[in-house]
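> fold the following.
(chains A and B)
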Amino acid sequence: MATGAQAFPTVLPTSRSYTPGEYATQEFVALNGVKTYLRYGNKRSESTLSLTFKNIKDSDADDILTHYVLVNENWSAANEKTRWVTFSSFNGLAGLEGNLPSYFREDGLRWRYSEPPKITSVQKGISNVTCNFVACLDAPKLS
Amino acid sequence: MAYYSGQDGHLYIDGTIAAKVVSWSFSSTQATLDTTCLSDTDTTATEGIRSISGSCRIYYHSDSSGSGDANKLINKMIKARSSSSIPGVAAKQNATTGETATTLKLGFKDYQSNNKQIELKVILTNVSMSSSQGEVLAADVSFISNGAPTAVTI
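As a prediction, this is how the structure comes out:
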């Protein structure tokens, strides 16, 4: 059974929206307005990524749905939550240049679907698909 | 080899050739769906929906039965109310046939006397007439094709 990183299907997005994650921080505000910040980690988390695929073939939309099912199935099994999504220039990171792709592969962050893909049929054989992802820090394995 | 002009043209309405046709025209349009991706440098597209629309102009004339081809089309679209006491209800264009009310063949006769034409099931979208001094009364009719043509020999 497939475990670990699951490469996103080879479908090029029409648009991409990315928001970097934030450090785990708590803010305390005193009565006089002074703010104190407590930082609980040295890695950002909760990055979000939205990919839109316009006018793609239904077979490509099917590949995305199949991938969504693969990443999320069998949560009750031994490999529970050990699958995540990776991107490359052949799919979600297409068109990115310079150092920008490295932000999508931050150390320790693992992309997972934050909600099911939304598929809108345009005409026979053609669909629009929107996928939303969130990148989280996985808890250390308990041995 | 031959060129063709208006004297070679014809218009059939529901299988019968129409008389006193001044002109016909049609236009076929292919919509496109943009498939340009983030890494592309040039626009790409795929086929979307096709559509055909057209128009014709027919002189209004009457034969011995008092009818003509212009009023045949006019009567398909302009209907008297079904009941004199109900102003908002009249028969549809397709009240008597299953698919659409009107079949048109727009074409011409070629050098070998074969009909070159496009056959369409149409819905009439506009009928207009105006009477004025110095002009022969005519009906201008616009239509859209309901689905793909049923025959194309052009």
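> ranges for the helices of chain B?
Using DSSP state H, the helices of chain B run over B:69-77.
> near chain A, which residues of it show up?
Chain B has residues B:Leu33, B:Asp34, B:Thr35, B:Thr36, B:Cys37, B:Leu38, B:Ser39, B:Asp40, B:Thr46, B:Gly48, B:Ile49 near chain A, with proximity defined as C-beta under 8 Å from any C-beta of the partner chain. (Glycine included, C-beta is placed from N, CA and C.)
> sec struct for A:Tyr37, please.
strand (DSSP: H, G, I helix; E, B strand; the rest coil).
> next up, phi/psi of A:Leu93, please.
For A:Leu93, the backbone dihedrals (degrees, to the nearest 10) come out as phi -100, psi 10.
> wait, doesn't it sit right on A:Ser102?
No: under the criterion of C-beta atoms under 8 Å, A:Leu93 is not in contact with A:Ser102, lying 10.1 Å apart.
> low-confidence regions, the chain specifically.
Since you didn't name a chain, this refers to chain A. Within chain A, the ranges that satisfy pLDDT under 70 run A:1-3, A:75-81, A:140-143.
> should've been chain B
Residue ranges of chain B with pLDDT under 70: B:1, B:95-100.
> could you check which of A:Leu93 and A:Ser102 is surrounded by more residues?
Applying other C-beta atoms under 10 Å in any protein chain shown to A:Leu93 and A:Ser102 shows that A:Leu93 carries more neighbours, namely 24 against 10.
> so what's the more buried one up against?
Counting by C-beta atoms under 8 Å, 6 or more residues apart in numbering or on different chains, A:Leu93 touches A:Phe87, A:Pro101, A:Phe104.
> the second one: what's it in contact with?
Pointing back at A:Pro101 there. Contacts of A:Pro101 by C-beta under 8 Å, 6+ apart are A:Ser89, A:Leu93.
> go through the residues of chain B next to chain A and flag which are in strands.
B:Leu33, B:Asp34, B:Thr46, B:Gly48, B:Ile49 (DSSP state E).
> any idea how far A:Leu38 is from the residue of chain A positioned farthest from its centre?
Computed with C-alpha atoms, centre = their mean, the residue of chain A farthest from its C-alpha average is A:Asn32, at 40.5 Å. Using C-beta to C-beta, to the nearest Å, A:Asn32 is found at 18 Å from A:Leu38.
> and what of B:Ile49?
58 Å.
> higher neighbour count, those two?
B:Ile49 (12 against 9).
> name the nearest residue to the more buried one, sequence neighbours excluded.
B:Ala31 (4.8 Å; C-beta to C-beta, 6 or more residues apart in numbering or on different chains).
> buried set for stretch A:120-128?
A:Val122, A:Ile126, A:Ser127, A:Asn128 (16 or more other C-beta atoms under 10 Å in any protein chain shown).
> the longest helix anywhere in chain A near chain B anywhere?
Longest helix in chain A by number of residues, with DSSP H as the criterion: helix A:58-72. No: Helix A:58-72 lies out of reach of chain B by C-beta under 8 Å from any C-beta, never closer than 10.6 Å.
> which helices and strands does that helix pack with?
Helix A:58-72 sits against strand A:4-7, strand A:47-57, strand A:83-86, strand A:109-113, strand A:126-137, with contacts defined as 3 or more C-beta pairs under 8 Å, 6 or more residues apart in numbering or on different chains; DSSP states H and E.
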